[in-house]
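Asks: need coordinates for the below:
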Amino acid sequence: MNPARRLGIWLAIWAGMLFLLILIGGATRLTESGLSITEWNVVSGVVPPLSAEAWNLEFEKYRQIPQYQAIHAGMTVEQFKGIFLWEYLHRLWARLVTVAFALPLLWFLAKGMIPRQVRGRLWLLLLLLGAQGALGWFMVSSGLSGRIEVSQYRLAAHFAAALLIYGATVWTAADFLARPQAGSGDQGRARHLSWCVTALAIVTAIAGAFVAGLRAGHAYNTFPLMAGHVVPPGYGALSPWPRNLFENVAAVQFNHRCLALITFAAIVAFWGWSRTRVLEPAARRAIARLAAAAVLQVALGIATLLLVVPVGLGVAHQAGAIVLITAGLLSMHALRKRGRAISPPAQSRSSAAS
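Replies: Below is the predicted model of the structure:
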């Protein structure tokens, strides 16, 4: 196997690990488990409580924060273990994801297999991973005093950073694995349109993080109207007005709905337009997959809303958002300008040939 393919497979597998990490994070949020571990112990936190005394100590720490009294008052130690283990799994998997990136990266570098064009990108990903861990704790700390949940602003920032790391990984894996295509016909215009619809999908997903942070999905559980109105009552109730975009439950849910429907319409229109244009077969297939992902995600979103956000369906809706963004990124990649191909260093090529 040539070095480029090895690198691409490693990054594709690692992107899958990131995908799972994001879903575990979503489940942690939906089960109200994110504040169950009240300290950030990077090394010692790898080991969970192993005795009744250790469990009682962790439970006592949780009982000191406002969320316990507001949401989980009267919880037993056994019930606490359920929410603790979700957050523990989230943190443990995040550590494993970091190791699964750092160790292969160092090995590939030592073997001289990483092309110069992407070394900086991979080092930046490693730095972003460390920053994401710190941002995660910054988010959790916002809910330990004075609030009963984490700040929706910090939650959205944490999610956006995860999307950035995931997107850069998917793109880099595609750089190594995708076969070069000869750009032709309407590729240029299609490339610009794919950027636009993918950007819409990302903005919609981040708007969804504000919905999650405010538990806005538990309100206005009808579709397409909200409390019998197109625009819900109280949309602009907060002052100054810009606060409504991020702190008003009615406005946050309405905006997410609108963005989702606009994104869906834009993707379907893009797909319909692409069917009448001269495009490479790989690009045409990528756009079709993007349209299919959009249909699935809208269906998941409406079902999640109407059923008042059951945990399994809420996680599936978040998975649908990542699948949609992935499809958008791969359509962008299939339509990208053809520059100089990424190739392994000369030393690695000669060793592979021998």
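
Asks: count residues in the vicinity of residue 310, would you?
Replies: As a burial measure, residue 310 scores 12 neighbours (other Cβ atoms under 10 Å). The C-beta positions use only the backbone N, C-alpha and C, and glycine is treated the same way.

Asks: pull the contacting residues for it.
Replies: residue 304 (Cβ atoms under 8 Å, 6 or more residues apart in numbering).

Asks: over to residue 128?
Replies: Per Cβ under 8 Å, 6+ apart, neighbours of residue 128: 161, 164-165, 168.

Asks: which of those residues fall within helices?
Replies: 161, 164-165, 168 (DSSP state H).

Asks: using TSV, lay out these together with neighbour count and distance to residue 334.
Replies: Below are the ones in helices among the contacts of residue 128 laid out as TSV (neighbours: other Cβ atoms under 10 Å; distance: Cβ to Cβ, whole Å):
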residue	neighbour count	distance to residue 334
161	16	26
164	14	21
165	22	22
168	18	17
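
Asks: what's the closest non-adjacent residue to residue 195?
Replies: The shortest distance from residue 195 to any non-neighbouring residue, by Cβ to Cβ, 6 or more residues apart in numbering, is to residue 332 (5.9 Å).

Asks: which of the ones in helices among the contacts of residue 128 lies closest to residue 216?
Replies: Nearest to residue 216 among the ones in helices among the contacts of residue 128 is residue 161, at 21.5 Å by Cβ to Cβ.

Asks: tell me how many other residues crowd the residue lying closest to that closest one once chain neighbours are set aside.
Replies: Of all residues not flanking residue 161 in the chain, residue 132 sits nearest, at 5.1 Å (Cβ to Cβ, 6+ apart). Residue 132 is flanked by 19 other residues according to other Cβ under 10 Å.

Asks: report pLDDT for residue 132.
Replies: For residue 132, the pLDDT comes out at 96.

Asks: residue 115 too?
Replies: 91.

Asks: phi, psi of it?
Replies: Dihedral pair for residue 115: phi -60, psi 150, per degrees, to the nearest 10.

Asks: over to residue 229?
Replies: In terms of degrees, to the nearest 10, the main-chain angles of residue 229 are phi -120, psi 150.

Asks: what does residue 258 give?
Replies: phi -60, psi -50.

Asks: got it, and residue 226?
Replies: According to degrees, to the nearest 10, residue 226 has phi -120, psi 110.

Asks: cool, residue 178 as well?
Replies: As for residue 178, its main-chain torsions (degrees, to the nearest 10) stand at phi -70, psi 140.

Asks: which residue is the nearest non-sequential neighbour of it?
Replies: Leaving out its chain neighbours, the residue that sits closest to residue 178 by Cβ to Cβ, 6+ apart is residue 333, at 6.2 Å.

Asks: in the helix or strand where the one you found lies, which residues are buried?
Replies: Counting by DSSP states H and E, the element that carries residue 333 is helix 311-334. For helix 311-334, the neighbour count (16 or more other Cβ atoms under 10 Å) marks 313-334 as buried.

Asks: now find how far off-centre that helix is within its chain.
Replies: Distance of helix 311-334 from its chain centroid, counting by Cα atoms, centre = their mean, to the nearest Å, is 8 Å.

Asks: just stretch 29-36 next, same as before
Replies: Centre to centre, stretch against its chain (Cα atoms, centre = their mean), the figure for stretch 29-36 is 17 Å.

Asks: straight-line length of it, end to end?
Replies: The first and final residues of stretch 29-36 sit 11 Å from each other (Cα to Cα, to the nearest Å).

Asks: could you give the average pLDDT over it?
Replies: 93.

Asks: repeat for stretch 313-333
Replies: 97.

Asks: can you list contacts of it?
Replies: 19, 22-23, 26-27, 30, 163, 166-167, 170-171, 174-175, 178, 191, 194-195, 197-198, 201-202, 204-205, 208, 217, 283, 286-287, 289-290, 292-294, 296-297, 300-301, 303-304, 307.

Asks: make it 7 Å
Replies: Stretch 313-333 is contacted by residues 19, 22-23, 26-27, 30, 163, 167, 170-171, 174, 178, 194-195, 197-198, 201-202, 205, 208, 286-287, 289-290, 293-294, 296-297, 300-301, 303-304, 307 when judged by Cβ atoms under 7 Å, 6 or more residues apart in numbering.

Asks: just the buried ones among the residues you listed, please.
Replies: For the contacts of stretch 313-333, buried by 16+ other Cβ under 10 Å: 19, 22-23, 26-27, 30, 163, 167, 170-171, 174, 194, 197-198, 201-202, 205, 208, 286-287, 289-290, 293-294, 296-297, 300-301, 304.

Asks: from those residues, which ones fall inside helices?
Replies: Per DSSP H, the subset of the buried ones among the contacts of stretch 313-333 in helices is 19, 22-23, 26-27, 30, 163, 167, 170-171, 174, 194, 197-198, 201-202, 205, 208, 286-287, 289-290, 293-294, 296-297, 300-301, 304.

Asks: in this protein, which helix has the most residues?
Replies: The chain, longest helix under DSSP H: helix 77-110.

Asks: and the helix or strand following it, what's buried?
Replies: Next in sequence after helix 77-110, counting helices and strands by DSSP H and E, comes helix 116-141. The neighbour-count check on helix 116-141 (16+ other Cβ under 10 Å) flags 118, 122, 125, 128-129, 132-133, 135-136, 139-141 as buried.

Asks: return the member of those residues nearest to residue 87.
Replies: Nearest to residue 87 among those is residue 140, at 8.6 Å by Cβ to Cβ.
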